[in-house]
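Participant: The sequence and its predicted three-dimensional model are supplied below.
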Amino acid sequence: MAGDPHTSDILVIGSGAAGLTAALNLAARFKVTVLAKGALNEGSTAWAQGGIAAVLEPGDTFENHVEDTMVAGAGLNDRATVEMVVENAPAAIERLARLGVPFNTDKGSLHLTREGGHSHRRIVHVDDATGWAVQEALLKAARENPNITLVPDMVVIDLATSRHEQRYSGAGNVWGVYAFNRATNRVELFTANATVLATGGAGRTYLFSTAPKGATGDGIAMAWRAGCRISNMEFMQFHPTCLYNLEVKNFLITEAVRGEGGQLINPQTGKRFMPYYDKRLELAPRDIVARAIDAEIKRFGLDYVHLDISHMGAAFVKQHFPTIYARLIDLDIDMTTGPIPVVPAQHYTCGGVVVDRDGRTDLPNLYAAGEVSQSGLHGANRLASNSLLECFVFGEAVASHIAAHWGDLAPPPPIRPWDESRVTDSDEEVVIKQNWTEIRRFMWNYVGIVRSTKRLERAQHRIQMLRGEVNDYYGHFRVTADLIELRNLLESADLIVRSALHRKESRGLHYTIDFPETLDVAVDTILVP
């Protein structure tokens with residue numbers, strides 16, 4: 001354990017949209033420490049191509065945006081939360097513009113694009129790389145703020161709670177985290193009066209995912225081990241169109257390509273296939289498009305399907321999708337003259353740590369915002385471009401609640417340092433690699449886009465076997481970044497499978513051949529530790 005604990009007023013875990021929004025809103029009054037797992041811009045935010053949904057078009061209303069969100073969420077959303085987020089969207093966009101995000105404009109007003117599930121054009125964007133622009137602007141503001149300390153390369157292991165106090169207590173307060181420093185290979189203790197989880201989702205539990213490599217469900221797993229309820233983990237959103245390329249694992253072809261006229265073609269028959277599945281064609285919600293592609297792939301024994309927008313003309317395609325066009329040209333694919341090979345991939349974790357509208361979790365002093373949380377916004381399926389929006393609105397809500405109740409937040413008591421007196425260095429790194437690959441493969445095959453009880457039980461059986469191995473390994477060897485991630489991946493996989501087995505219906509993103517009907521009443525799946 002390296003030295004004394006690092007103490008600040010507020011500790012934020014994660015340097016994406018949710019974490020930096022919370023930090024920037026708190027830094028006016030408080031000292032804030034932000035921990036990033038890798039580089040400061042390596043999270044999911046930087047990868048978001050689409051944009052941010054907000055009611056800005058004449059004739060559009062908050063009510064329309066709320067309705068579209070509820071329809072996509074298959075009735076499982078919390079209406080009050082949806083209203084709160086939707087109503088705060090235009091102000092969030094305005095603040096980002098003030099921070100210097102160069103949103104595309106058209107004749108002096110913001111250029112709005114449309115995506116699947118939206119009844120109006122309401123997506124503000126920066127070309128097809130909105131997330132990158134947002135991440136850059138937030139990071140620049142955070143770097144310039146003297147009250148924010150940014151610490152990269154910290155892999156958080158577990159929350160430090162009342163159980164870790166030098167005078168043991170069962171109160172369940174969260175006082176910070178133990179984190180593995182990649183640079184020194186030592187475990188360090190960070191403490192604070194309040195801790196904010198903004199660690200992103202659990203996408204890397206799957207073989208094909210658009211999530212960055214750090215999305216291993218760390219925050220969800222840590223919160224669960226510490227005693228938080230976890231909800232709706234069976235709702236894993238699969239993005240219908242990820243580039244099929246064995247070298248480039250997670251390059252997303254944004255939904256806007258379909259929004260601007262792209263068509264899905266079966267490469268074997270040469271025919272457009274969405275007409276057989278849904279009258280909304282390529283603009284049906286993501287779960288329907290992903291299932292349609294999955295069905296075509298399975299029925300015809302394909303590796304991928306084609307997404308073709310070349311009929312729109314080269315100038316149009318290059319103007320609308322400069323980033324994607326340039327990236328594909330590097331891979332010898334010209335989207336202006338031919339189709340793009342695509343395959344569905346895990347894209348977004350709709351479930352997570354249960355929070356209220358202030359971003360509070362079940363544990364005192366612990367907050368969560370963004371993809372790590374289950375706020376009631378997304379329900380059984382996230383509407384396109386509502387994810388970045390959630391980060392801004394909840395990042396701000398968390399900051400407001402902490403600031404308003406600062407007097408109730410006690411400074412952290414003495415916490416026991418990390419103890420590694422009884423462990424040795426690992427002898428078999430290959431064990432980690434093998435288990436990691438195994439988890440991602442069986443989750444893809446058994447807990448993917450289409451599920452069955454038998455497949456889910458097979459996955460559960462594998463998880464139980466691996467749990468013994470991983471716990472044994474964790475108990476005997478010094479932690480490494482890979483071991484921490486493996487432990488969290490397995491925990492996340494278990495939460496996903498348990499939630500999926502619990503739901504005896506098909507709803508939104510959870511589709512099981514054993515229970516194809518949707519029940520009349522929508523109920524959240526809530527796992528209690």
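Facilitator: Structure received.

Participant: C-alpha from now on. contacts and neighbour counts both.
Facilitator: Noted.

Participant: Residue 88 should be in a helix, yeah?
Facilitator: Yes - judged by DSSP: H, G, I helix; E, B strand; the rest coil, residue 88 forms part of a helix.

Participant: and it, how many neighbours does it have?
Facilitator: 18 (other CA atoms under 10 Å).

Participant: before we move on, what about residue 437?
Facilitator: 14.

Participant: Relative to residue 27, how far out is it?
Facilitator: Look at residue 437 and residue 27: by CA to CA, to the nearest Å, they are 41 Å apart.

Participant: Residue 24: which element?
Facilitator: Using DSSP states H and E, residue 24 sits within helix 17-26.

Participant: helices or strands up against the helix or strand following that helix?
Facilitator: Going down the chain from helix 17-26, the next helix or strand is strand 32-35, by DSSP H and E. Under the contact definition 3 or more CA pairs under 8 Å, 6 or more residues apart in numbering; DSSP states H and E, strand 32-35 sits against strand 6-13, helix 17-26, strand 148-151.

Participant: let's go with 6 Å and repeat that
Facilitator: On a contact count with 3 or more CA pairs under 6 Å, 6 or more residues apart in numbering; DSSP states H and E, strand 32-35 meets strand 6-13, strand 148-151.

Participant: tell me which residues in the last one are buried?
Facilitator: By neighbour count on 16 or more other CA atoms under 10 Å, the buried set for strand 148-151 is 148, 149, 150, 151.

Participant: Within the sheet, what are the partner strands of the following helix or strand past that strand, with directions?
Facilitator: Downstream of strand 148-151, the next assigned helix or strand under DSSP H and E is strand 154-161. According to DSSP bridges, strand 154-161 forms sheet pairs with strand 174-181 (antiparallel).

Participant: Make TSV out of the helices and strands packed on strand 32-35 and add mean pLDDT and distance to residue 403.
Facilitator: Output for the helices and strands packed on strand 32-35, formatted as TSV (pLDDT from 0 to 100; distance: least, CA to CA, whole Å):
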stretch	mean pLDDT	distance to residue 403
strand 6-13	97	10
strand 148-151	98	16
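
Participant: and residue 465, which of these is closest to it?
Facilitator: strand 6-13 (30.7 Å; CA to CA).

Participant: what does that closest one contact?
Facilitator: Contact with strand 6-13 is made by 31-35, 190-198, as judged by CA atoms under 6 Å, 6 or more residues apart in numbering.

Participant: So for the longest helix along the chain, what gets flagged as buried?
Facilitator: Counting residues, the longest helix found in the chain (DSSP state H) is helix 453-476. Neighbour counts using 16+ other CA under 10 Å place 453, 455-460, 462-463, 466-467, 470, 473-474 of helix 453-476 among the buried residues.

Participant: From one end of stretch 301-321 to the other, what's the distance?
Facilitator: Stretch 301-321: ends 30 Å apart by CA to CA.

Participant: Give me the distance from the longest helix of the chain to the chain's centre.
Facilitator: 24 Å (CA atoms, centre = their mean, to the nearest Å).

Participant: Would you mind listing the outside residues contacting the longest strand seen in the chain?
Facilitator: In the chain, with assignment by DSSP state E, the single longest strand is strand 186-197. Residues from elsewhere that reach strand 186-197, judged by CA under 6 Å, 6+ apart: 1-2, 5-13, 175-180, 365-368, 409-412.

Participant: Assign a three-state SS to residue 85, would you?
Facilitator: On the basis of three-state DSSP, residue 85 is classed as helix.

Participant: how close does it get to residue 357?
Facilitator: 10 Å.

Participant: And the contacts of strand 186-197, which of them are buried?
Facilitator: By 16+ other CA under 10 Å, these give 5, 7-13, 175-180, 365-368, 412 as buried.

Participant: want to throw the helices and strands packed on strand 32-35 into a markdown table with distance to residue 281?
Facilitator: Shown next, in a markdown table, are the helices and strands packed on strand 32-35 (distance: least, CA to CA, whole Å):
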| stretch | distance to residue 281 |
| --- | --- |
| strand 6-13 | 40 |
| strand 148-151 | 45 |
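
Participant: Figure out which of the ones you listed is closest to residue 400.
Facilitator: strand 6-13 (12.8 Å).

Participant: got the angle for the closest one vs strand 154-161?
Facilitator: 110 degrees (axes from the mean of the first three to the mean of the last three CA atoms, to 10 degrees).

Participant: which residues does the residue lying closest to residue 22 once chain neighbours are set aside contact?
Facilitator: Nearest non-adjacent residue to residue 22, counting by CA to CA, 6 or more residues apart in numbering: residue 395, 4.3 Å away. Neighbour list for residue 395: 18, 21, 22, 369 [criterion: CA under 6 Å, 6+ apart].

Participant: which strands and helices sit next to the helix holding residue 24?
Facilitator: Partner elements for helix 17-26 (3+ CA pairs under 6 Å, 6+ apart): helix 387-404.

Participant: tell me the mean pLDDT for the helix it packs on?
Facilitator: Mean per-residue pLDDT for helix 387-404: 97.

Participant: same check, this time on stretch 414-428
Facilitator: For stretch 414-428, the per-residue pLDDT averages 84.

Participant: which residues are contacting that stretch?
Facilitator: Under CA under 6 Å, 6+ apart, the answer for stretch 414-428 is 1, 164, 165, 166, 476, 477, 478.

Participant: For residue 264, give me its contacts.
Facilitator: 272, 306, 307.

Participant: Name the helix or strand for the second one, please.
Facilitator: Under the criterion of DSSP H and E, residue 306 resides in strand 305-308.

Participant: Distance to residue 422 for the contacts of strand 6-13 - can I get that in CSV?
Facilitator: Below are the contacts of strand 6-13 laid out as CSV (distance: CA to CA, whole Å):
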residue, distance to residue 422
31, 35
32, 34
33, 30
34, 30
35, 27
190, 22
191, 24
192, 28
193, 30
194, 31
195, 29
196, 31
197, 30
198, 32
